[in-house]
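Undergrad: I would like to see how this sequence folds:
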Amino acid sequence: QVQLVESGGGLVQSGASLRLSCEGSGRSFSLLAMGWFRQAPGKQHELVAVQGGIDLGNIKYVDSVKGRFTISRDYATNTVVLQMNNLKPEDTAVYYCVAHAPDANWASWANAAYWGLGTQVTVSS
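TA: Take a look at the predicted model:
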């Protein structure tokens, strides 16, 4: 059974940091793109950050998190980490770990191959 399991969410104040971690199991994820989407209340899923497979490794961020969030992967352990610094109230959302095939549209929630169950991040002002 293929799974993505997230950890590391929580409630923090504005300006604080959180580290989200996601571990994949059931197959190798090394050639897949792995990353993070988020969904705030009443809004659609939004790509936050994604990193390509071991043969590409390219990274993309949504403009609103550039300079604050950093994505990284450990291809050997099927793990992807999102380091979130200087958090803002508008970062409040459920964060989902997602994996895409290399040739898929990485910005599309629906086109993902695998999804985690999500972890809540709440940033108070």
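Undergrad: what's around the residue nearest to residue 87 when sequence neighbours are not counted, how many residues?
TA: Setting aside the residues directly before and after it, residue 87 is nearest to residue 123 in space (Cβ to Cβ, 6 or more residues apart in numbering), at 4.5 Å. Backbone N, C-alpha and C define where each C-beta goes, glycine included. When neighbours are counted by other Cβ atoms under 10 Å, residue 123 registers 20.
Undergrad: so what touches the host helix or strand of residue 123?
TA: Assigned by DSSP states H and E, residue 123 belongs to strand 119-124. The set of residues external to strand 119-124 that reach it, using Cβ atoms under 8 Å, 6 or more residues apart in numbering, is 6-14, 16, 18, 20, 38, 84, 87-95.
Undergrad: and stretch 89-97, C-alpha only, in PDB?
TA: Extracted C-alpha coordinates of stretch 89-97, given in PDB (Å, rounded to 0.1, in the frame of the first residue of the first chain):
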ATOM      1  CA  PRO A  89      -1.600  34.400   9.500                       C
ATOM      2  CA  GLU A  90      -2.300  33.900   5.700                       C
ATOM      3  CA  ASP A  91      -0.200  30.700   5.800                       C
ATOM      4  CA  THR A  92      -3.000  29.100   7.900                       C
ATOM      5  CA  ALA A  93      -4.200  26.000   6.100                       C
ATOM      6  CA  VAL A  94      -4.200  22.300   5.900                       C
ATOM      7  CA  TYR A  95      -0.900  21.300   4.300                       C
ATOM      8  CA  TYR A  96      -0.800  18.200   2.200                       C
ATOM      9  CA  CYS A  97       2.100  16.100   1.000                       C
END
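Undergrad: if anything else comes up later, I'll come back, but that's it for now.
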